[in-house]
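# what shape does this take:
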Amino acid sequence: MKKLLSVILAAVLLLSATAAFADGLTIAVPNDATNEGRALLLLQANGIIKLSEEAGVTATKADVIENPLGIEFQEVEAAMVPNVMADVDYAIINNNYALDAGLNPVQDSLLIESADSPYANVLCVKEGNEETPEAKALVAAVNSQKVADFINETYGGAAVSVVAEPGDGYDADVDYAALAGKTITVAASPTPHAQILAIAQEILAAKDVKLEVIEFSDYVQPNMVVESGEVFANYFAHIPYQENFNEENGTHIAIIAAIHVEPMGLYGGKLADLTALTVAK
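Below you'll find the model as predicted:
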């Protein structure tokens, strides 16, 4: 009897997967070049699709050359992907937006990048400001052991510090007395970037330097306010996104420190497990 029930259950699962295949699966992905490419690379790494050999970090659905499940990719603004989860079978979400939506990337994702992802989140300033005392003081604060410990202890693998040799939070070459009373402005995503910067605020406050964090929910304005000079620095993007943004928009924003990585994950929408996606394997 138990054997018969096991056979029936297996048949039901297979029929469900086959039905999903027949209907065509839908996966929501971020619509900006590097994050869509990152999402597609995650699927390729798990044997679900295959991209053309020429496709790189800026891959789009047009670069998919093997799609045995007939997946339909719905390109959505990165910040809005969590909002369409109920309307698609799966969604691939940037970790900051997953955290904002109350998801635990480590526990709730069905697939997730490894922590050695090349998509390190970076601190940036406008070109020409890289060696200023403000930039050096800011880098020292976010590259501190205190910040590294906060990242690793707070996010449980959803964000991982990439600073190889964290310091005490201060740069010996900076004249902090000359910076006393000044304000350094940084544009940041609310989670986890603004939370991480709150630790840097404490470090700089000890030297009477104010760090003002200005939160943005999108991936464009943090760059534009730095480019215009309205805000001194930003902390929200990963390296491929920043490099591609400069290339496509003619901006002059320089990376001055890599702080952490946020492994991107695939989450269930209408479907709660990977059964429908394992048909391809």
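
# so the nearest residue to Asn129 once chain neighbours are set aside is in which element?
The shortest distance from Asn129 to any non-neighbouring residue, by Cβ to Cβ, 6 or more residues apart in numbering, is to Ala135 (5.5 Å). Quick note: C-beta positions are derived from backbone N, CA and C, even for glycine. Ala135 belongs to helix 133-142 when assigned by DSSP states H and E.

# immediately after that helix, which helix or strand?
Downstream of helix 133-142, the next assigned helix or strand under DSSP H and E is helix 145-154.

# what helices and strands are in contact with that next one?
If you count contacts as 3 or more Cβ pairs under 8 Å, 6 or more residues apart in numbering; DSSP states H and E, helix 145-154 packs onto strand 160-161, helix 195-205, strand 253-261.

# name the helices or strands packed onto the first one?
Right, strand 160-161. helix 145-154, strand 253-261.

# in the stretch 151-281 of the chain, where is pLDDT below threshold?
279-281 (pLDDT under 70).

# check the residue nearest to Asn129 and give its pLDDT.
What the model reports as pLDDT for Ala135 is 98.

# got it, and Pro118?
85.

# so what's it up against?
By Cβ atoms under 8 Å, 6 or more residues apart in numbering, the residues touching Pro118 are Ile239, Pro240.

# specify the local secondary structure of it.
coil (DSSP: H, G, I helix; E, B strand; the rest coil).

# look up how far Asp171 lies from it.
27 Å (Cβ to Cβ, to the nearest Å).

# just Lys126 next, same as before
Applying Cβ to Cβ to Lys126 and Asp171 gives a distance of 20 Å.

# for Asn35, same thing?
For Asn35, the distance to Asp171 - Cβ to Cβ - is 32 Å.

# more neighbours: the two, which one.
More neighbours surround Asn35 than the other of Asn35 and Asp171, with 26 against 18 (other Cβ atoms under 10 Å).

# state whether the more buried one is indeed within a helix.
Yes: judged by three-state DSSP, Asn35 forms part of a helix.

# leaving out sequence neighbours, find the closest residue to it.
Ala78 is the one closest to Asn35 (Cβ to Cβ, 6+ apart), at 5.6 Å.

# residue contacts, the one you found?
Applying Cβ under 8 Å, 6+ apart, we find Ala78 in contact with Pro30, Asn31, Asp32, Asn35, Ile93, Asn94, Tyr97, Tyr219.

# swap in 6 Å and give it another go.
Counting by Cβ atoms under 6 Å, 6 or more residues apart in numbering, Ala78 touches Pro30, Asn35, Asn94, Tyr219.

# now Ser109
Ser109 makes contacts with Gly265, Tyr267, as judged by Cβ under 6 Å, 6+ apart.

# ok so Ala91 is a helix residue?
No: applying three-state DSSP, one finds Ala91 to be strand, outside a helix.

# that one: neighbour count?
Ala91 - counted by other Cβ under 10 Å - has 29 other residues nearby.

# walk me through the domains of the chain.
2-113+265-280, 120-261 (automatic domain parsing).

# phi, psi for the residue nearest the centre of the chain please.
For the chain, the residue nearest the mean C-alpha position is Asn94 (4.3 Å; Cα atoms, centre = their mean). Main-chain dihedrals, Asn94, degrees, to the nearest 10: phi -60, psi 140.

# mind checking pLDDT for it?
Predicted confidence (pLDDT) for Asn94: 96.
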